[in-house]
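**Student:** no sequence on hand, only this structure:
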DNA sequence: ATAAACAAGTTTATAATATAAACCAAATTT
DNA sequence: AAATTTGGTTTATATTATAAACTTGTTTAT
């Protein structure tokens, strides 16, 4: 009746991150920080977790002289997000 | 962009409980345990939290000689659930 | 009648998670 | 060249979720 929810996505910040990344080609650390309102520390940790799970890729480079970390969603991430949304909907349809 | 999610509802088990209770007049402990597949301990704890927040009421009585704990959702609970669902949907609409 | 097994929970301990605070290095501004 | 800002990482803390152990009483079997 209630499917298990992927604990990696059932987190406010990680869900927001994947949600953003699902809609764009790529996004860098600063952009994600601004959009989510997360602290840098929290963002760093949660990005690592998503990367460790293979849901996103993280590419470290430079924009001019400044370091710049770019994130992209992977096919696995896209799929996990879709499954999560599907599963979650079963929780939202009160009593149906 | 991403509204804050009520942490009380952003929990797999508590969300399932509220989802069930939103659809029925009342439900007892055993029924909730069966429907959610939760352990009794976890269920007990999460019911307490929902009750402490005023999202549900808990009535202790007997069915025959056996103790029986009956739960019902409150207006506050119904409203919180509706808000949560609304907020969550902003996370699910990838990039829109 | 009493021991064994079961029902309905609660309490307590542990493991996992989320989050923030503190820190670091390099670049930029004053 | 000192102070500030950018772009992070690491580490510590607080919260949460979960399971394990326990309690109280009931039913069933011997």
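**Tutor:** Looks like it came in fine. Given the structure is predicted, the values throughout are model-derived calculations rather than measurements.
**Student:** in three-state terms, label the residue nearest to the spatial centre of chain A for me.
**Tutor:** Centrality entry for chain A: nearest residue to the mean C-alpha point is residue A:18, 2.6 Å, by Cα atoms, centre = their mean. The three-state label given to residue A:18 by DSSP: H, G, I helix; E, B strand; the rest coil is helix.
**Student:** not counting sequence-adjacent ones, nearest residue to it?
**Tutor:** Taking Cβ to Cβ, 6 or more residues apart in numbering or on different chains, and ignoring the residues beside it in sequence, residue A:18 has residue A:81 as its nearest neighbour in space, at 5.0 Å. (C-beta placed from N, C-alpha, C; glycine too.)
**Student:** my guess is that neighbour contacts residue A:22. True?
**Tutor:** Yes: because the distance of 5.6 Å satisfies Cβ atoms under 8 Å, residue A:81 is recorded as touching residue A:22.
**Student:** quick one: which of these two has more around it?
**Tutor:** In this view residue A:81 and residue A:22 are compared by other Cβ atoms under 10 Å in any protein chain shown, and residue A:81 has more residues nearby, 21 against 18.
**Student:** in the helix or strand containing that one, what counts as buried?
**Tutor:** Secondary-structure element containing residue A:81, defined by DSSP states H and E: helix A:75-92. Residues A:77, A:80-81, A:84-85, A:87-88, A:91-92 are the ones in helix A:75-92 that count as buried (16 or more other Cβ atoms under 10 Å in any protein chain shown).
**Student:** now do stretch A:19-34
**Tutor:** With burial defined by 16+ other Cβ under 10 Å, the residues of stretch A:19-34 counted as buried are A:19-22, A:27, A:29, A:32.
**Student:** what lies in contact with that stretch?
**Tutor:** Residues external to stretch A:19-34 that are found in contact with it (Cβ atoms under 8 Å, 6 or more residues apart in numbering or on different chains): A:17, A:35-36, A:38, A:40, A:43-44, A:47, A:56, A:63, A:68-73, A:77-78, A:81, B:2, B:91-96.
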